[in-house]
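**Q** A structural model of the following input is requested.
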Amino acid sequence: MSTSRSRIAQLASNVAAYTQQIDDYLNQKTLPHPSFDADGPVDLGLPPDIEQLRGAVLEATQELNDLLQGPRDLLFNHHHNQLLYLKLISRFDIAKKVPLEGEITYADLATSAGVDEAALCRILRLGIAHRVFREPRPGMIAHSAASRQIADDQAMADWVGACVNDMWPSAEKTVDALAKWPLADEPNQTGFSLANETDNSFYIELAKDQERARRFGGAMSFFTSGDGYSLRHLIDGYDWSAVGTGTVVDLGGSLGDAAFAIARQFPDIHIIVQELSEVIKLCKEEPWLNVKFMAHDFFKNQPVKEADVYLLRWILHNWPDKYCIQILNALVPALKPGSRVLIMDFVMPPPLALPNLVDRKLRAMDATMLEIGNSKERNMDEWKALFERADRRFVLKGMVQPPGSNLAILELQWQG
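**A** Predicted structure coming up:
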C-alpha cells in the first residue's frame, strides 16, 4: 500500500507550517495581524524571508481551493458579475459616502447616492460577500479594510474606476473585436474600440476627456507604486557609469521621472527626454540636473544624432509588433556604430515556469494589452524576432532581470 500523501494533504501541511511561522513572527514583533476590519493593516511589512512564506501560503491556498472545488465549481465560479459592486462603488463614490468610522443605513446611503435602496443593498451585499464593506448589523453598512482603501487612497480609487469603466468594457468586447478584425494588429481595432465606439486608439480616446485621462494616470501611479516597478531597478540594473559624459535619449519619458533618477546618480550624463508636445507643456526642468525636454513623436525619425543610449522604458509593450518595428526603425538614421538601445519591459516566462498565482497576474496583464491596444507582453523569443524583423544590425547583447524588478532590461547594440 502506498504511503505517499495526497496533493491536498501536502498543500494543507504547507499552509499550516508556513502560517505558523508568519504568526510567530508577527507575535514576536508585536505587529498587527491581518484583518478584514477597517483598521486592519494595509501592509504587514514582512522581511524578505517571511514575505516568501506569505507568497507560498497564498500559492498553496489557491491551489487547494481550486482542487477542492472540482472542475464544475471552478468553472461556475467564473461568474459574470464579479465587478458589478465595484462599478457601483466607483460610479456613485460609495466609499466616500460611508463614514470612515462608524456606520450608515442603507436608506441614507441610497438617498446620498440618488439610487434605489433595494438595488443598492443587493449589489453592495455582493461586495460584502467578497470582503468589500461590512454589514455590522442588519440595515447598516460600514467599511472593511478593502473598502476603506478606496476611500483613503485616491490612486486606489482611480485604479478601481479605470478597471470598471475602461478595462472591463474592453475585455467584454475583445472576442467580438477578434471576430471583426482577426489580424489583431491595429491599436484602434480592439475591444476598447468597440466598447467606446471609436476609431481612436486607447490613449488618444482617453485624452479627449480630461477627467478620464487623470483617472487612468492615477490608476497607473497606483499600479506601479510597488517596488517591482521602482526606478532603482533601472539605476542599479545597468552600467550607467560607462556612459561617462555621453548622451542618453529617453523616448516617451513622460514627465522625466526616470531621467531625473539617472541624473541624480550620474550627473555627468546629458539626458534628453522626448515626449509629445502636449506632454512637454507639463514638464519642468529641475535645477542642477542635466536633463532637457524635447517635443518628439517616436514614430518620426530621431532628431538627436549619435547619442550613446536610447532608452525605451515600458514603451514597446503598448504597441503591436509592426508599430514597435516603426519605432525602432525611426532610430536607425540617428545611430552611430556602438549606440545602445535599452528596452526596459516585461519578458514573459514560459508557461508553468512561475507559481500559478504569479502566472495568472502576468497572463492577465498580457490580455489587458490585447484588449486596449492589440499590443502584448513578449517572451524572449518574441523579443528576438521583433529585433530581427526591425533590422538585423540591432544585436542583442544581453538581458538582465534586476532582483525584485518586474521589468527586465534588454540591451541592443547598433552594428551598422
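**Q** rest of the way, CA atoms for contacts and neighbours
**A** Fine.
**Q** Which parts of the chain are strands?
**A** Taking DSSP state E as the criterion, the chain contains strands spanning 104-105, 140-141, 247-251, 270-275, 291-295, 309-313, 340-345, 394-400, 408-414.
**Q** Now do stretch 181-200: distance to the chain's middle.
**A** Computed by Cα atoms, centre = their mean, to the nearest Å, the chain-centroid distance of stretch 181-200 equals 21 Å.
**Q** Would you enumerate the residues in contact with Glu286?
**A** Phe260 (Cα atoms under 8 Å, 6 or more residues apart in numbering).
**Q** Mind doing that once more with 10 Å?
**A** Counting by Cα atoms under 10 Å, 6 or more residues apart in numbering, Glu286 touches 256, 260, 292.
**Q** Quick one: residues contacting the residue nearest to the first one when sequence neighbours are not counted.
**A** Once flanking residues are discounted, Gly256 sits nearest to Val273: 6.3 Å by Cα to Cα, 6 or more residues apart in numbering. For Val273, the contact set (Cα under 10 Å, 6+ apart) comprises 248-260, 280, 283, 291-296, 311.
**Q** can you do 6 Å?
**A** 249-250, 253, 293 (Cα atoms under 6 Å, 6 or more residues apart in numbering).
**Q** Pairing partners for it in the sheet, please.
**A** Here Val273 sits in beta bridges with Asp250, Phe293, going by DSSP bridges.
**Q** Same list (the strands of the chain) but as JSON lines, adding distance to Ile372.
**A** As requested, those are exported to JSON lines (distance: least, Cα to Cα, whole Å):
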{"stretch": "strand 104-105", "distance to Ile372": "38"}
{"stretch": "strand 140-141", "distance to Ile372": "35"}
{"stretch": "strand 247-251", "distance to Ile372": "21"}
{"stretch": "strand 270-275", "distance to Ile372": "21"}
{"stretch": "strand 291-295", "distance to Ile372": "25"}
{"stretch": "strand 309-313", "distance to Ile372": "19"}
{"stretch": "strand 340-345", "distance to Ile372": "18"}
{"stretch": "strand 394-400", "distance to Ile372": "27"}
{"stretch": "strand 408-414", "distance to Ile372": "23"}
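**Q** Dump these to TSV, plus mean pLDDT.
**A** Below are the strands of the chain laid out as TSV (pLDDT from 0 to 100):
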stretch	mean pLDDT
strand 104-105	98
strand 140-141	98
strand 247-251	98
strand 270-275	97
strand 291-295	96
strand 309-313	98
strand 340-345	98
strand 394-400	96
strand 408-414	98
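**Q** Nearest to Gly228, out of those?
**A** Comparing these by their distance to Gly228 (Cα to Cα), the top pick is strand 408-414, with 10.6 Å.
**Q** Any idea how far the closest one is from the middle of the chain?
**A** The answer for strand 408-414 is 22 Å, by Cα atoms, centre = their mean.
**Q** Just the angle for it relative to strand 394-400, thanks.
**A** With axes from the mean of the first three to the mean of the last three Cα atoms, to 10 degrees as the basis, strand 408-414 and strand 394-400 are set at 150 degrees to each other.
**Q** Run through the neighbouring helices and strands of strand 408-414.
**A** Using 3 or more Cα pairs under 6 Å, 6 or more residues apart in numbering; DSSP states H and E as the contact criterion, the elements in contact with strand 408-414 are strand 340-345, strand 394-400.
**Q** I'd like to know how many residues surround Val395.
**A** Other residues near Val395 come to 18 when the count uses other Cα atoms under 10 Å.
**Q** start at 700 instead
**A** All set: I'll call the first residue 700, so the last point we hit is now Val1094.
**Q** what about it, distance to Phe1086?
**A** Distance, Val1094 to Phe1086, by Cα to Cα, to the nearest Å: 8 Å.
**Q** quick one: which of the strands of the chain is nearest Thr729?
**A** strand 839-840 (30.5 Å).
**Q** quick one, what contacts the residue nearest to Gly1072 when sequence neighbours are not counted?
**A** Ranked by Cα to Cα, 6+ apart and with sequence neighbours excluded, the top spatial neighbour of Gly1072 is Pro886, at 4.3 Å. Going by Cα under 6 Å, 6+ apart, Pro886 touches 900, 1072-1073.
**Q** got it, and Lys786?
**A** Here Lys786 is in contact with Val863 (Cα under 6 Å, 6+ apart).
**Q** redo that, cut-off 8 Å
**A** Listed by Cα under 8 Å, 6+ apart, the contact partners of Lys786 are 859-860, 863-864.
**Q** Ser976 now?
**A** 994-995.
**Q** and Trp987, how many neighbours?
**A** Using other Cα under 10 Å, Trp987 has 9 other residues around it.
**Q** and the closest residue to Glu758 other than its chain neighbours, what is it in contact with?
**A** With sequence-adjacent residues excluded and distances taken as Cα to Cα, 6+ apart, Glu758 is closest to Leu1056, at 5.7 Å. Contacts for Leu1056 (Cα under 8 Å, 6+ apart) come out as 757-758, 761.
**Q** Next, work out how far apart Leu1056 and Gln768 are.
**A** 17 Å.
**Q** just to revisit the earlier point, write the PyMOL selection for whichever of the contacts of Lys786 are buried.
**A** Selection of the buried residues among the contacts of Lys786 in PyMOL, burial being defined by 16 or more other Cα atoms under 10 Å:
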select buried, resi 859+860+863+864
